[in-house]
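Visitor: Kindly generate the corresponding structure for this input.
(one chain, ligands or ions: 2)
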Amino acid sequence: MNYKNEYAQSTQSPDEFWLQQAKEIDWYRRPTMGCTPSNNGYYNWFEDGMLNTSYLALDYHVDAGVGDKAALIYESPVTQTTQIFTYRELLEQVALFAGALSRLGVTKGDRIIVYMPMIPQAAIAMLACARIGAIHSVVFGGFAANELAVRIDDAKPTFIVTASCGIEGSKLLPYKPLVDEAITLAKYKPQGCILFQREQLNAKLKAGFDHDWALLMASSEPVAPTPVEANHPLYILYTSGTTGKPKGVVRDTGGHAVALNYSMGAVYGIKAQDTFWAASDVGWVVGHSYIVYGPLIKGATTVLYEGKPVGTPDAGAFWHVIEKHKVNVLFAAPTAFRAIRKEDPEATKLEKYDITTLRTLFMAGERLDPPTYYWASEKLAVPVVDHWWQTETGWPICANPMGIAPMKTKPGSSSVPTPGFNVKVLVNAHEEQAIGAKGAIAIKLPLPPGCLSTIWQDHPRFISGYLNEFDGYYSTGDNGYIDEDGYVFIMGRTDDVINVAGHRLSTGEMEEVLAGHPAVAECSVIGVHNDVKGQLPVGLVLLKDDVLIEESVLEKELIERVREAIGPVACFKRSIVVNRLPKTRSGKILRKVLRQIAGNEPVTVPSTIDDPSSVDEVSSLMREKGLVASDEHK
Ligand code: COA
Ligand code: AMP
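Guide: Ligands and ions are numbered 1, 2, ... in the order given. Modelled structure (predicted):
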């Protein structure tokens, strides 16, 4: 099968195509139904199927006789630890933790929040939830207590699973105080907390509420997987939208397993004997799909890395892991490679490592900028694949399908639509754009299996946020164009979401935090270019009349507020005071104009602007403060 045929089949006969793919995984009851309209205006995949993801990821391989093969390699430069779990060992741990959760009364459909550093127990907790049909919601460790509280209130978990600390480079970050604060802040109160004590820091447990992971495991009995319906939610993963309230992306069980299994082969070219390393974090979708579920469902070996591309200990860290564990495919964010390149431009650290096992480097999380593409291609001497996807889709929308047939690469493009994704460029409803014309990127419905099934407890938001803009299409929130060869070029977001070091953040959320400062009358947060992190947020603030505060003092206070409310991951480090902000006559701040100024793009001033001279004023101030992208980074 070549790419063209496979793609055509997937979009012309999706039911037939995906029911065929569904045969590649093991079901308790194999589905006969492909995509069916559901009664809430969307679609379900494999409605009559029954399966269990923990079974697919673990028991299936042990039963198939490969229990002694490495399933998960934990590589932690920050604790100087390497730990290898075979499929059998991982299954034992998962079945025991699932038993512990069951003993605490957790049952199918209950939510469990996992707030963990990059340690094997994070993956064990996720798989244990899947085993008993509990719905996990992993929250990234770089979020502050307040963000955790927001997620607690939305997901209403019965328990929170956490660890005593995270280790970020050389910093030890106690997690327990954060979790306690989040529980205090949240209106909804979970029944308890399960904590894994790390030897680097012992957390004090509250009797009657906190449970020690090790003690629970010592007295637990393993439990068997619970078969669940294909549409049963496997997890909720919160992601940034345009408002302050994060969106709880819900992933179904059946479509997810089929899609990930397919993508491991078709996109990544991974076979069961391979070692796959996604250098991300379990708190992000990449970690869910390609540190935990994808490689394990495929029966391959996955690497869980607790470290950074630089500083743990140096810019040779990635090469060291590739050599040590004979990694075949690496998946990383461009920002990680920019950080390595900045520190070791000639890649001299690479000279002492043998990375000949590496076949392909995949990049995602943000557009792979051509300089980083060329640098990585030259230094690693393997194909470098930019691929585009979102938390919502759960797997790549566009990629160079290395497992079907590698295609030529076009720097700056995430290549072609992955089978199943009918990608179009639109301007107005149903108006598909000509070749090369720029517009909003949308995906014709139905989306393939594995994409979000709704927003947790807020189906109307799902419909209004993704399906209402273009009738019959899913709006991705990205814009770009498709060239004459069908290659997709993603240019950026159409909304107020920015991408900082491969992390998706809402500027609207940061604005809410800045607006809470007593000196701030109005504000706007925009993303400005940064050489390593891609973008960094900057706050433009207008002071209240008669307020006297030094700009540097205000900046410090605003930085602290964002850290407290959102977390260090926001990387909010800069604000400037402006006299005016470009606004419409009705008082709406023209964010698009500000984004265009920062991006050094031609500014389109709408006719509704209140005072056109405000554009030039803000523009020259931003230029003066070095907040406008240079011509090279337009
Ligand atoms: N727990 C707690 N804090 C965390 C954290 C975590 N899991 N992850 C990040 N943070 C903190 C950092 O300590 C830092 O705090 P500081 O302001 O006190 O220094 C802040 O959040 C920003 O972190 P980060 O953006 O990671 O910056 P960095 O300078 O430490 O590292 C990179 C820069 C480029 C090396 C790093 O961002 C990176 O490797 N990015 C890749 C991202 C990625 O894999 N994304 C997934 C998409 S595929
Ligand atoms: P997240 O949901 O955190 O994975 O972020 C998804 C968003 O990141 C997308 O909507 C894009 O804006 C951006 N993104 C991810 N991968 C790419 C890529 N390869 N090229 C361009 N943008 C990307």
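Visitor: Just list the residues touching residue 506, thanks.
Guide: For residue 506, the contacting residues are 240-244, 246, 496-498, by C-beta atoms under 8 Å, 6 or more residues apart in numbering. Yep, even glycine has a C-beta here, placed from its N, CA and C like the rest.
Visitor: Pull up the gap between it and ligand 2, please.
Guide: Separation of residue 506 from ligand 2 (C-beta to the nearest ligand atom, to the nearest Å) stands at 11 Å.
Visitor: Who does residue 399 form a beta bridge with?
Guide: For residue 399, the beta-bridge partners under DSSP bridges are residue 416.
Visitor: and it, how many neighbours?
Guide: Using other C-beta atoms under 10 Å, residue 399 has 28 neighbouring residues.
Visitor: Do I have it right that it meets residue 387?
Guide: Yes. Counting by C-beta atoms under 8 Å, residue 399 touches residue 387, with 3.6 Å between them.
Visitor: about what we covered before: show me which of the contacts of residue 506 is closest to residue 210.
Guide: residue 246 (25.9 Å; C-beta to C-beta).
Visitor: Tell me which residues touch the nearest residue to the closest one once chain neighbours are set aside, please.
Guide: With C-beta to C-beta, 6 or more residues apart in numbering as the criterion, residue 246 has its nearest non-adjacent residue at 4.1 Å, and that residue is residue 238. Applying C-beta under 8 Å, 6+ apart to residue 238 gives the contacts 137, 139, 151, 154, 246-249.
Visitor: Ok, residue 477 next?
Guide: Residue 477 touches 390, 493-495, 497, counting by C-beta under 8 Å, 6+ apart.
Visitor: Where does it sit: helix, strand or coil?
Guide: strand (DSSP: H, G, I helix; E, B strand; the rest coil).
Visitor: in the sheet, who's paired with the residue nearest to residue 246?
Guide: Applying DSSP bridges, one finds that residue 238 bridges with residue 248.
Visitor: how much space is there between it and ligand 2?
Guide: 11 Å.
Visitor: Likewise for residue 477?
Guide: Applying C-beta to the nearest ligand atom, the value for residue 477 to ligand 2 is 6 Å.
Visitor: Within range of ligand 1, give me the residues from the protein.
Guide: 141-142, 166, 168, 173, 279-281, 284, 286, 308-310, 333, 335-336, 339, 364-365, 501-503, 532, 568-569, 571 (C-beta under 6 Å from any ligand atom).
Visitor: Strands of the stretch 251-400 of the chain, start to end?
Guide: 275-278, 301-305, 329-332, 360-363, 384-386, 398-399 (DSSP state E, counting those that start in this stretch).
Visitor: Reformat the ones you listed as JSON lines; add mean pLDDT.
Guide: Listed next are the strands of the stretch 251-400 of the chain as JSON lines, based on pLDDT from 0 to 100:
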{"stretch": "strand 275-278", "mean pLDDT": "98"}
{"stretch": "strand 301-305", "mean pLDDT": "98"}
{"stretch": "strand 329-332", "mean pLDDT": "98"}
{"stretch": "strand 360-363", "mean pLDDT": "98"}
{"stretch": "strand 384-386", "mean pLDDT": "97"}
{"stretch": "strand 398-399", "mean pLDDT": "98"}
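Visitor: now the ones you listed as CSV including distance to residue 540?
Guide: Output for those, formatted as CSV (distance: least, C-beta to C-beta, whole Å):
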stretch, distance to residue 540
strand 275-278, 36
strand 301-305, 37
strand 329-332, 32
strand 360-363, 31
strand 384-386, 31
strand 398-399, 33
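Visitor: Reformat those as JSON lines; add distance to ligand 2.
Guide: Shown next, in JSON lines, are the strands of the stretch 251-400 of the chain (distance: least, C-beta to the nearest ligand atom, whole Å):
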{"stretch": "strand 275-278", "distance to ligand 2": "12"}
{"stretch": "strand 301-305", "distance to ligand 2": "18"}
{"stretch": "strand 329-332", "distance to ligand 2": "11"}
{"stretch": "strand 360-363", "distance to ligand 2": "7"}
{"stretch": "strand 384-386", "distance to ligand 2": "5"}
{"stretch": "strand 398-399", "distance to ligand 2": "8"}
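Visitor: looking at those strands, which is closest to residue 96?
Guide: Of the strands of the stretch 251-400 of the chain, the one closest to residue 96 (C-beta to C-beta) turns out to be strand 301-305, at 18.7 Å.
Visitor: Which other helices and strands does the closest one contact?
Guide: strand 70-76, helix 120-132, strand 275-278, helix 294-298, helix 317-325 (3 or more C-beta pairs under 8 Å, 6 or more residues apart in numbering; DSSP states H and E).
Visitor: Now mean neighbour count too, for the ones you listed, in CSV please.
Guide: Shown next, in CSV, are those (neighbours: other C-beta atoms under 10 Å):
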stretch, mean neighbour count
strand 70-76, 21
helix 120-132, 28
strand 275-278, 24
helix 294-298, 27
helix 317-325, 21
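Visitor: Let's have those in a markdown table, adding distance to residue 10.
Guide: What follows is the helices and strands packed on strand 301-305, written out as a markdown table (distance: least, C-beta to C-beta, whole Å):
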| stretch | distance to residue 10 |
| --- | --- |
| strand 70-76 | 30 |
| helix 120-132 | 26 |
| strand 275-278 | 23 |
| helix 294-298 | 18 |
| helix 317-325 | 32 |
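Visitor: Spell out which parts of the stretch 201-350 of the chain neighbour ligand 2.
Guide: So far as C-beta under 6 Å from any ligand atom goes, the stretch 201-350 of the chain lies against ligand 2 at 239, 285.
Visitor: Could you rerun that using 8 Å?
Guide: The stretch 201-350 of the chain has residues 239-240, 284-286 near ligand 2, with proximity defined as C-beta under 8 Å from any ligand atom.
Visitor: In helices, which of these appear?
Guide: 285-286 (DSSP state H).
Visitor: Check pLDDT for the residues of the stretch 201-350 of the chain next to ligand 2 and point me to the minimum.
Guide: Ranked by pLDDT, those bottom out at residue 240, which has 86.
Visitor: Ramachandran angles for the residue nearest to that one when sequence neighbours are not counted?
Guide: Using C-beta to C-beta, 6+ apart and skipping residues adjacent in sequence, the residue nearest residue 240 is residue 506, 3.8 Å away. As for residue 506, its main-chain torsions (degrees, to the nearest 10) stand at phi -100, psi 120.
Visitor: Give me the distance between residue 506 and residue 393.
Guide: 18 Å (C-beta to C-beta, to the nearest Å).
Visitor: likewise residue 531?
Guide: Counting by C-beta to C-beta, the separation of residue 531 from residue 393 is 28 Å.
Visitor: One more: residue 235?
Guide: Taking C-beta to C-beta, one finds residue 235 at 14 Å from residue 393.
Visitor: ends of stretch 602-611, how far apart?
Guide: End-to-end distance of stretch 602-611 (C-alpha to C-alpha, to the nearest Å): 18 Å.
Visitor: what do you get for stretch 188-199?
Guide: 31 Å.
Visitor: for stretch 599-619, same thing?
Guide: Using C-alpha to C-alpha, the two ends of stretch 599-619 sit 11 Å apart.
Visitor: ok, and what's touching that stretch?
Guide: 492, 529, 540, 578-587, 590, 592-594, 596-597, 628-631, 633-634.
Visitor: so where's the stretch 1-150 of the chain shaky on pLDDT?
Guide: Where the stretch 1-150 of the chain drops to pLDDT under 70, the residues are 1, 39-41.
Visitor: Which residue ranges of it form helices?
Guide: 3-12, 14-22, 53-54, 60-63, 87-103, 120-132, 145-155 (DSSP state H, counting those that start in this stretch).
Visitor: got it, and the stretch 301-450 of the chain?
Guide: Using DSSP H, counting those that start in this stretch, helices in the stretch 301-450 of the chain cover 317-325, 334-343, 370-380.
Visitor: Could you check the angle the last one makes with helix 334-343?
Guide: Compare the direction of helix 370-380 with that of helix 334-343 by axes from the mean of the first three to the mean of the last three C-alpha atoms, to 10 degrees and you get 70 degrees.
Visitor: ok so, going back, specify which member of the contacts of residue 477 is nearest to ligand 1.
Guide: Among the contacts of residue 477, residue 390 lies closest to ligand 1 (C-beta to the nearest ligand atom), at 11.1 Å.
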